[in-house]
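Student: Fold the stuff below for me.
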Amino acid sequence: MQDFLRPAYGERSLADVVPAVASALGLPIGEPPTGLTLPEAPAYVVFLVDGLGANLLQRYAHAAPYLASLLELQAPATAGVPSTTATSLTSLGTGLPPGAHGLVGFTSRVPGTDRLLNALMWDKTVDPLEWQPNDTAFARLRRQGGTVTVVNKREFRGSGLTVAAHRGADYVGADRVGERIAAALAASIERASFTYLYDGDLDWTGHRYGVASSPWLQQLAMVDAEAEQLREALPPHVRLLVVADHGMIDSPSQARVDVDERTELRDGVALLGGEARFRHLYCQRGAVNDVLAAWSSVLGERATVLARHDAIARGWFGPVVPGVLPRLGDVVVACHGDTAILSTADFPYEATLVGLHGSLTPDEMLIPVLLD
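Tutor: This is a model prediction of the structure:
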C-alpha cells in the first residue's frame, strides 16, 4: 500500500544509530550504516524521546522550537517493524533488526506454549538472556574501549527488557529531569563515551490523551525544554543526538474493529498477539489460509493482511533467524490510516488508549535524527 514505509535496516534505521555513533567515536563495532554518518567527536549523548515521530515534530513545531530548529539538518530515519517501544529499544541497544534480536512486538507468543510474552512487563519464567542471546551494541562498544552508560528510571534497572536490550552498559537510575541531565553530564566527561538517556512521558501522554491534545502539546514543550537544557549543560565537545523509537496516530472509535464483536475473526485463531496497530495471529493447525481470507475480507483496505513468509519477504523484520520465526504470527495484520484492531476481552487496556502505534505508516515509522 502507498502509505507504508519499508524500514531502512542497514541504511538509516534506529538499529543503525549506535554503530554510527561508534564510528564517530573512532571505535567501530562493525559495518557502519550506509545512510547515517555522524561527525567525529570524543563523546556522544543519545537522548531517545519515546513517541516523538518526525512527522509529529514537524507538524507541531511551534510547541518544540529547539528540537524543530534541528529538523532540517538531518533527514529522518525509520523505526523497525512493528513500530513499538520494546522492539525499537532493543534494535537501538543491539544494533540489530527485529528478525535477529527477537523482540517482535509488544506481545508475542512464547514458542511451544499458549502464552504471550509482554515485552514491557516481561515474565519471570522467560530468561531475557535466552530470549535475546545476541551481544548488544552497547557491550561491543564497551569492549572497543568506550565508556557506555544508560540513564533511565530506577524501576527499569534489571528488568527483562533492560537485560535483553541494554545489557553491557553502566546503569544510572534517574527519575527526574534534573537527575537525568546531571547523570548524562557526569557520564559524558569521559572521552570515547556513549551515554543513552530515555524519556517515556510523551509516549504515555499520547496514548492517554492523543497527539495534538493539550496535555500532549504541553508535554512536548517540556521535552523540548529538557533537550535544550541538556545541550546547554553539556560541554561543547560532546555531541547531542536526539532520536525517537516511533511516532503515533490517534484512532477514533469509528475506526476500531473489535474481534470480540466480529466473531468470524476469531475462527482458526489460537492466540491473538501483537498490539492494536500490528497484530500477530497464531493460527490453529491448517487454518492459516482461512484466517487470511477472513481477515482480508473483513478489513479490506483498512489493513494489509499477510502470511508470515510474505511479511518476511517484504523485509519488514529484516533477516529472520530460525529461533525467532515462531514468535512471529502465522498471519500478521498491519493497519492503514487510523484503523485499530482491538480485543476488549484479551486486551481491555488498549480500548482506553487514544494514541496508538505499531504499523508502517509514515507517522509511526519516521523518527527524527536531531544533531546538535
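Student: domain parsing for this structure?
Tutor: 14-249+361-371, 253-356 (automatic domain parsing).
Student: Helices of the stretch 151-300 of the chain, start to end?
Tutor: Using DSSP state H, counting those that start in this stretch, the helices of the stretch 151-300 of the chain run over 160-166, 177-188, 201-209, 214-233, 288-299.
Student: which of those helices is buried the deepest?
Tutor: Per residue and on average, the most neighbours among the helices of the stretch 151-300 of the chain fall to helix 160-166, with a mean of 23 (mean count of other C-beta atoms under 10 Å). (Each C-beta comes from the backbone N, C-alpha and C, glycine too.)
Student: on that earlier part again, could I get the helices of the stretch 151-300 of the chain as a markdown table with mean pLDDT?
Tutor: A markdown table is the format used below for these (pLDDT from 0 to 100):
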| stretch | mean pLDDT |
| --- | --- |
| helix 160-166 | 97 |
| helix 177-188 | 96 |
| helix 201-209 | 98 |
| helix 214-233 | 98 |
| helix 288-299 | 97 |
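Student: So what touches stretch 105-124?
Tutor: 82, 84-87, 103, 126, 128, 131, 159-161, 270-271, 273-275, 278, 280, 282, 326-329, 358 (C-beta atoms under 8 Å, 6 or more residues apart in numbering).
Student: before we move on, what about stretch 248-264?
Tutor: Under the criterion C-beta under 8 Å, 6+ apart, residues 51, 53, 56, 203, 206-207, 210-212, 265-266, 272, 276-277, 294, 298-299, 302, 337-345, 351, 354-357, 361, 363-364 lie in contact with stretch 248-264.
Student: In ChimeraX, how would I select the buried members of those residues?
Tutor: A single ChimeraX command selects the buried members of those (16 or more other C-beta atoms under 10 Å):
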select :51,53,56,203,206,207,210,211,265,272,276,277,294,298,299,302,338,339,340,341,342,343,354,355,356,357,361,363,364
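Student: and the contacts of stretch 248-264, which of them are in strands?
Tutor: The strands, defined by DSSP state E, take in 272, 340-342, 355-356 from the contacts of stretch 248-264.
Student: Deepest-packed of the domains of the chain, please.
Tutor: Most buried among these, counting by mean count of other C-beta under 10 Å: domain 14-249+361-371, with a mean of 21.
Student: Report the distance from it to the chain centre.
Tutor: 8 Å (C-alpha atoms, centre = their mean, to the nearest Å).
Student: coming back round to it: from the ones in strands among the contacts of stretch 248-264, which two are the most distant?
Tutor: Pairwise distances across these peak at 21.1 Å for L272 and G355 (criterion: C-beta to C-beta).
Student: Now do the end-to-end distance for stretch 250-267.
Tutor: 28 Å (C-alpha to C-alpha, to the nearest Å).
Student: State the pLDDT value of P252.
Tutor: pLDDT for P252: 97.
Student: quick one: it and H336, what's the gap?
Tutor: 15 Å (C-beta to C-beta, to the nearest Å).
Student: Also V110?
Tutor: Distance from V110 to H336, by C-beta to C-beta: 29 Å.
Student: Could you do D310 as well?
Tutor: 16 Å.
Student: next one: D258
Tutor: 18 Å.
Student: what residues are up against L141?
Tutor: L141 sits next to 18, 22, 25, 27, 29, 148, 194 when contact means C-beta under 8 Å, 6+ apart.
Student: what's the closest non-adjacent residue to the first one?
Tutor: Yep, that's V18 we're talking about. A137 (4.0 Å; C-beta to C-beta, 6 or more residues apart in numbering).
Student: Can you verify my assumption that that neighbour contacts A22?
Tutor: Yes - contact criterion C-beta atoms under 8 Å: A137 and A22 qualify, at 7.3 Å.
Student: shared neighbours of those two, which are they?
Tutor: I29.
Student: Tell me which strands the helix or strand hosting L117 pairs with, and in which orientation.
Tutor: Following DSSP states H and E, one finds L117 within strand 116-118. Next to strand 116-118 in the sheet, as set by DSSP bridges, lie strand 107-109 (antiparallel).
Student: Show me what the mean pLDDT comes to for the partner strand.
Tutor: 97.
Student: before we move on, what about stretch 36-44?
Tutor: Averaging pLDDT along stretch 36-44 gives 97.
Student: hmm, who's touching it?
Tutor: Under C-beta under 8 Å, 6+ apart, the answer for stretch 36-44 is 11-12, 16-17, 20-21, 23-26, 77, 188-195, 237-241, 369, 371.
Student: now with 6 Å?
Tutor: If you take C-beta atoms under 6 Å, 6 or more residues apart in numbering as the criterion, stretch 36-44 is touched by 12, 16, 20-21, 24, 188, 191, 193-194, 237-239.
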